[in-house]
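# Quick one, fold the following:
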Amino acid sequence: QVQLVESGGGLVQAGDSLRLSCAASVRSFSSSVMGWFRQTPEKEREFVAAINWSGRNTYYADSVKGRFTISRDNAKNTVYLQISSLKPEDTAVYYCAARPYDSGRYSYANDYDYWGQGTQVTVSS
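Predicted structure coming up:
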């Protein structure tokens, strides 16, 4: 059974940093594309970042480039999202996603097969 469990969210102030983690029980984790998305009640689920199986290739939404860093540790079956210089508009539920193949597309939520339950990030101004 595939399971993705996010952690690391919380209430922070603008300008703070956070590191989100996603522990995966995906048998093919080391060959899986991993992604992070976020969602607010007012918006559809939004692509944030993705990383290929080796970690060599990363992809980011324009809105987070320079502040967000995605990484992975295949030995720990974990993917991370380091967020710096947090802004109130980063407030959202952050979701981890996985798919066991690389299609060359990374920002479409429908391309991912597995999802975590989400972790809330709230940034106060």
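# alpha carbons only for contacts and neighbour counts from here, please
Noted.
# Could you pull out the strands in this protein for me?
Shown for the chain, the strands assigned by DSSP state E span residues 4-7, 10-13, 18-24, 33-39, 46-51, 58-60, 68-73, 78-83, 92-99, 114-115, 119-124.
# Tabulate those strands (a markdown table), appending distance to Arg105, mean pLDDT and mean neighbour count.
Shown next, in a markdown table, are these (distance: least, CA to CA, whole Å; pLDDT from 0 to 100; neighbours: other CA atoms under 10 Å):
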| stretch | distance to Arg105 | mean pLDDT | mean neighbour count |
| --- | --- | --- | --- |
| strand 4-7 | 20 | 97 | 20 |
| strand 10-13 | 30 | 97 | 14 |
| strand 18-24 | 21 | 97 | 21 |
| strand 33-39 | 10 | 97 | 26 |
| strand 46-51 | 10 | 98 | 24 |
| strand 58-60 | 10 | 97 | 19 |
| strand 68-73 | 16 | 98 | 20 |
| strand 78-83 | 18 | 97 | 21 |
| strand 92-99 | 11 | 96 | 25 |
| strand 114-115 | 16 | 95 | 20 |
| strand 119-124 | 24 | 98 | 20 |
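# what about the ones you listed, which gets the closest to Tyr106?
strand 46-51 (6.2 Å; CA to CA).
# how far out from the middle of the chain is that closest one?
From the chain centre to the centre of strand 46-51 is a distance of 6 Å (CA atoms, centre = their mean, to the nearest Å).
# And stretch 42-50, by the same measure?
Remark: stretch 42-50 is offset 10 Å from the chain centroid, using CA atoms, centre = their mean.
# Which of the strands of the chain sits closest to Tyr108?
Closest among the strands of the chain, using CA to CA: strand 46-51, at 7.0 Å.
# What helices and strands are in contact with that closest one?
strand 33-39, strand 58-60, strand 68-73 (3 or more CA pairs under 8 Å, 6 or more residues apart in numbering; DSSP states H and E).
# Would you tell me which of those strands gets closest to Tyr101?
Evaluated with CA to CA, the helices and strands packed on strand 46-51 place strand 33-39 nearest to Tyr101, the distance being 6.4 Å.
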